[in-house]
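> Structure of the sequence below:
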Amino acid sequence: MDEETFQENAREAEENLEDESSRTREAFRSRGGQAPGGQPLPQQRNTMGPDPGASSQRTSRTQNENTSELAEYVRSKLPQLADAPDALLAGQQIDSILRAIIQSENNEQSSTARNLEARLHSNFQRAVEHPAMIPAGMDNRSTVLHIGRFQAGAGILLQKHWEEGRKSWGAKGVPSINNYDMEALGAAGCVTAKGWDVLHHPGNPDISIRLFSVTNVGQASSGARMVQILGEEGIAVHDNMKEVGDMTELKLAMRNLKLAARQAAPWNFSFEVLDSYLLANDYMDKELAGVSKKASVLAGFIDHVLKVNASRYTQQAEFLDLQKLATTWTAWWGARKSGQAFSSNSNQGQSNKSGFKNKSSNQGSSSSFSRPNQNSPNFTNAKYSGPPSVENMCKRFNNGNCNNHYSNCGVVTTRGPLKLYHLCNYSVKRDGKFDYCKQRHERVRHESIVGKNN
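Numbers count the residues shown, from 1 in each chain. So this is what the prediction gives:
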């Protein structure tokens with residue numbers, strides 16, 4: 001035997017011996033890590049590389065981890081299989097799993113409204129149970145805006161919005177500004193400065209739908225005031241603003257009010273509720289059928305509601321909801337119905353003596369008088385309540401349909417009979433201030449007699 005053959009046989013014998021030793025150690029380990037006789041197994045250097053048993057264990061762990069991950073993925077895509085064992089889920093063919101996932105996603109996209117509502121409710125519950133952390137920060141209502149302004153909407157009752165808004169703003173409201181982007185909404189220049197002010201002070205009783213009529217923007221900005229002498233009631237000073245002339249103007253004013261309130265006080269939904277009530281009842285079209293000056297009547301009701309809600313804000317009470325608005329309308333209109341019906345019926349069959357169509361009214365927002373004196377007592381010896389004003393100039397005369405002579409025209413009040421002037425109540429500007437024409441012609445003839453700018 002040559003030397004090369006001898007060396008090869010020696011190496012083979014050594015490998016066989018080491019392999020046998022390794023199998024023996026594994027057998028002893030299965031008995032608790034001890035050699036026969038209870039002696040600890042001596043530590044030996046592994047000259048054969050990685051332990052095949054350890055490698056097998058790692059492979060088994062990897063397979064288990066892969067099985068668990070695959071099962072979790074299938075469960076996340078197919079919640080219906082949440083209770084299935086890992087081995088069952090991992091043992092499925094990949095193409096069958098993919099088909100099931102695609103089918104499930106398609107079913108979800110075409111789910112019924114009930115399922116969608118359930119998901120929306122689940123999202124709400126999640127938001128309630130996990131409040132968002134909103135950090136403190138600065139806000140100057142212009143260049144520095146706090147993130148709290150842009151949180152998702154609150155799923156609460158509108159009365160709760162009103163309550164929380166009052167807690168935040170306080171009884172006196174907040175400082176007023178008018179730098180809101182109404183141009184983007186198509187309502188630029190449609191809100192008076194006074195309108196913006198009352199929106200920032202929700203308890204202000206001066207709120208009126210007229211403040212949101214574009215016809216009053218220029219007039220209000222002039223700062224003109226009207227002084228009224230009310231006889232025993234004294235002297236009243238208020239803004240010289242035009243009443244809402246027709247239904248188109250009234251609806252636009254209501255739109256301007258809602259848009260302005262949405263920017264100035266987004267928590268105040270009382271205006272939206274009022275508008276919803278009017279829309280649901282076709283702006284009281286049936287109730288006011290045959291009534292003259294429907295826009296003026298509705299403007300009076302809207303102003304009444306606005307003032308009631310302003311008072312409720314001050315008293316920390318809820319604003320008028322739809323049910324309360326219905327009750328309020330019944331009471332409010334019932335108290336005025338007879339007078340309006342009388343005025344409407346008395347106008348039927350009468351023609352406009354001047355032949356001119358009356359334009360938007362420029363009369364005051366309220367009156368202390370009861371109603372025109374159709375079939376009324378003799379007013380020849382009655383007295384005027386004071387100098388000519390919007391309160392004591394005959395409105396029927398100015399509309400061209402008063403059948404009374406100027407010497408015998410008046411109204412019955414709680415203070416007795418009072419005379420009405422047959423003078424023009426057209427609004428004119430004198431020496432930079434607004435006043436009334438007060439000439440002996442009807443308002444509807446003013447422009448043809450005196451001119452539009454006089």
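
> can you list the domain ranges for the protein.
The record's domain split for the chain, according to automatic domain parsing, is 158-347, 354-454.

> With residue 94 as the reference, name the closest of those.
Nearest to residue 94, of all the domains of the chain, is domain 158-347, at 51.7 Å by CB to CB. For glycine as for every other residue, the C-beta is placed from the backbone atoms N, C-alpha and C.

> picking that back up, quickly, which of the domains of the chain bottoms out on average pLDDT?
When those are compared by mean pLDDT, domain 354-454 comes last with a mean of 73.

> Can you pull the phi/psi pair for the nearest residue to residue 132 once chain neighbours are set aside?
Leaving out its chain neighbours, the residue that sits closest to residue 132 by CB to CB, 6 or more residues apart in numbering is residue 151, at 6.9 Å. The phi/psi pair for residue 151 (degrees, to the nearest 10) reads phi -70, psi 160.

> burial count for residue 151?
Residues lying near residue 151 (other CB atoms under 10 Å) number 10.

> picking up where we left off before, okay, the domains of the chain in JSON lines with distance to residue 77 and mean neighbour count next?
Below are those laid out as JSON lines (distance: least, CB to CB, whole Å; neighbours: other CB atoms under 10 Å):
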{"stretch": "domain 158-347", "distance to residue 77": "39", "mean neighbour count": "17"}
{"stretch": "domain 354-454", "distance to residue 77": "66", "mean neighbour count": "17"}
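
> Tell me which stretches of the chain form helices.
3-30, 52-77, 86-90, 94-109, 113-129, 158-169, 193-200, 217-221, 247-264, 270-280, 294-314, 322-347, 395-399, 446-449 (DSSP state H).

> ok, residue 156 to residue 315 distance?
Going from residue 156 to residue 315 by CB to CB, to the nearest Å gives 21 Å.

> correct me, but the residue nearest to residue 132 touches residue 131?
No: if you go by CB atoms under 8 Å, residue 151 and residue 131 don't touch, sitting 10.9 Å apart.

> Residue 276 against residue 321, yeah?
No: using CB under 8 Å, residue 276 is not in contact with residue 321, being 10.0 Å away.

> export the domains of the chain to CSV and tack on distance to residue 66?
Formatted as CSV, the domains of the chain follow (distance: least, CB to CB, whole Å):
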stretch, distance to residue 66
domain 158-347, 52
domain 354-454, 80
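
> out of those, nearest to residue 99?
Nearest of the domains of the chain (CB to CB): domain 158-347, 47.6 Å.

> May I have stretch 313-331 exported as CSV, CA atoms only?
Extracted C-alpha coordinates of stretch 313-331, given in CSV (Å, rounded to 0.1, in the frame of the first residue of the first chain):
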residue,chain,number,x,y,z
TYR,A,313,-78.6,82.9,23.7
THR,A,314,-78.4,85.5,26.5
GLN,A,315,-80.6,83.3,28.7
GLN,A,316,-78.5,80.2,27.9
ALA,A,317,-81.6,78.5,26.4
GLU,A,318,-81.8,76.4,23.2
PHE,A,319,-82.6,78.1,20.0
LEU,A,320,-85.9,77.5,18.2
ASP,A,321,-85.9,74.1,16.5
LEU,A,322,-88.3,73.0,13.7
GLN,A,323,-91.1,72.1,16.1
LYS,A,324,-90.8,75.3,18.1
LEU,A,325,-90.6,77.3,14.8
ALA,A,326,-93.9,75.8,13.7
THR,A,327,-95.5,76.8,17.0
THR,A,328,-94.0,80.2,16.9
TRP,A,329,-95.3,80.8,13.3
THR,A,330,-98.8,79.8,14.3
ALA,A,331,-98.8,82.2,17.3
